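Undergrad: let's see this in three dimensions:
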Amino acid sequence: MTRRPLKLGVFYVILLVFSFFNGYSQDVKQKLDSITGDVIEDIYLNTPEDAAKKRKDSLSRFSFNAYPYIFSSPETKLAFGGGGIMILYAGKGLDLRPSKVEFGGYYSVNNQYRININPQFFFLENKLYVEMPTSYGFFVNKYWGIGDSAPDYEDAEYAIETFDITLSTQVPPLLFSADRTGLILSYEDSKVVDKRSNELIMNDSLPGSNGAKLFGLGLNLVWDSRDNLFYPNSGRYQSLKILLYPEPSDYVYSMVEFDARAYKAFSQDQVLAINLYAQTVLGDTPFFKLPALGGKNRMRGYFNGRYRDNFYGMLQAEYRQYFWKRFGFVAFAGMGNVSNTLIEYKFNTMKYSFGGGLRYLMNKKQKVNLRMDIGITGDGTTGIYFGIQEAF
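TA: Presented below is the predicted three-dimensional model:
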């Protein structure tokens, strides 16, 4: 069931060059403009009283929002749960980016459940970034096989239990032209607890057919010039991750992920957002870790993993606008596909999805939205998604 992909060195070089020229040059100019404006304002416009008030306001910014929800998605069916987000500042600097702790959990009518927490902190005047997402859950998932033409069939279900934790640290770059560079350490313990009637997973030659313990070590490069972390009106975000899973992992393979986002406002909070995403793996990859098309953030409407292969590339756009007080809406569309390698990527079998959603501004100061999206696919499937913050 596995195929040995061609060498992807050309792909890696393209990603690095794209990240440098589209992220670094823009960020340098924006940082210089920002620094210049702040200096002029502090010297010529702010009185000592204004500066003291500004400092006091910056130190008191703390918020906590929680909510219950009911949702339905292709993966979970009808589910009940709750979640929230805590926003704070881990320091006294006036220009600190907001840190946050996201948490949530749900239980579905098909006996799936998941609990997760994701703390993300900026320290030392934004020079140190630390993130540690952790989750545990039981999922009734589906596996249709590999490729962009994997047929649909009734016996695709299987049950898997997963615990995963990742520690990411980022600091100003020493060797690369990025805003932040850092290390990634990850651990995942997944067990296929019920193969049900899925003949593909019953084949023991399929990597990961019984689960896997995976230890990952990698590098992350980030270019980030967004004016707001939760609802950007302008700027760009680009991330390049390279992860290796050596022994003692049950399977030895590597993964490269590239995520580029751009934001353009036509007027305040009337925004067009664009996202280019690609992921590829090389080596003996467990089937459930193959790049997967679908889910709540990309190609909404498709079951997460409806199509899997060694390479996945996707492009999506979303229009966002508030229409009355704290209420807003979005309209989105995306296209993408999977393939054995980048070279074999087919545009004539491209998959499409589109849809819309509603937003409620639950944190006006930081622009944090509660979101509900409905995605419709070219295959005729739909999905309803509920959560905090934008999809990208």
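Undergrad: now Leu272, nearest residue through space, not along the chain?
TA: Once flanking residues are discounted, Leu272 sits nearest to Lys264: 5.0 Å by C-beta to C-beta, 6 or more residues apart in numbering. No exception for glycine: its C-beta is placed from N, CA and C like everyone else's.
Undergrad: now do the contacts for the one you found.
TA: Ser234, Val271, Leu272 (C-beta atoms under 8 Å, 6 or more residues apart in numbering).
Undergrad: next: Gln112.
TA: Taking C-beta under 8 Å, 6+ apart, one finds Glu75, Thr76, Ala79, Tyr106, Gly137, Phe138, Phe139, Val140 in contact with Gln112.
Undergrad: can you list the residues you listed in TSV and add secondary structure and neighbour count?
TA: Rendered in TSV, the data for these read as follows (DSSP: H, G, I helix; E, B strand; the rest coil; neighbours: other C-beta atoms under 10 Å):
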residue	secondary structure	neighbour count
Glu75	coil	21
Thr76	coil	20
Ala79	strand	20
Tyr106	strand	21
Gly137	strand	16
Phe138	strand	16
Phe139	strand	21
Val140	strand	17
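Undergrad: of the contacts of Lys264, which is the nearest to Gly83?
TA: Taking C-beta to C-beta as the measure, Gly83 lies nearest Val271 of the contacts of Lys264, at 23.8 Å.
Undergrad: sec struct for the closest one, please.
TA: When classified by DSSP: H, G, I helix; E, B strand; the rest coil, Val271 comes out as strand.
Undergrad: burial of it, as a residue count?
TA: When neighbours are defined as other C-beta atoms under 10 Å, Val271 has 20 of them.
Undergrad: identify the bridge partners of it.
TA: Val271 has these beta-bridge partners by DSSP bridges: Ala265, Arg320.
Undergrad: what separation is there between Leu128 and Ser225?
TA: Leu128 sits 19 Å away from Ser225, going by C-beta to C-beta, to the nearest Å.
Undergrad: so which of these two has more stuff around it?
TA: Ser225 (22 against 16).
Undergrad: let me know the pLDDT of the more buried one.
TA: At Ser225, the pLDDT value in this model is 94.
Undergrad: low pLDDT regions in the stretch 51-200 of the chain?
TA: Across the stretch 51-200 of the chain, the ranges flagged by pLDDT under 70 are 51-60, 175.
Undergrad: for Ile165, what are its contacts?
TA: When contacts are counted by C-beta under 8 Å, 6+ apart, Ile165 touches Met132, Pro133, Thr134, Ser135, Ser186, Tyr187, Glu188.
Undergrad: could you dump these to CSV with neighbour count?
TA: Below are the contacts of Ile165 laid out as CSV (neighbours: other C-beta atoms under 10 Å):
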residue, neighbour count
Met132, 15
Pro133, 16
Thr134, 16
Ser135, 17
Ser186, 17
Tyr187, 15
Glu188, 21
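Undergrad: how many neighbours does Glu161 have?
TA: Residues lying near Glu161 (other C-beta under 10 Å) number 15.
Undergrad: helices along the stretch 101-250 of the chain, start to end?
TA: 199-202 (DSSP state H, counting those that start in this stretch).
Undergrad: quick one: the strands in it, in order.
TA: Applying DSSP state E, counting those that start in this stretch to the stretch 101-250 of the chain gives strands spanning 113-123, 128-131, 134-142, 157-171, 180-194, 211-224, 234-245.
Undergrad: could you list the buried residues of the fifth one?
TA: So that's strand 180-194. Arg180, Thr181, Gly182, Ile184, Ser186, Glu188, Ser190, Val192 (16 or more other C-beta atoms under 10 Å).
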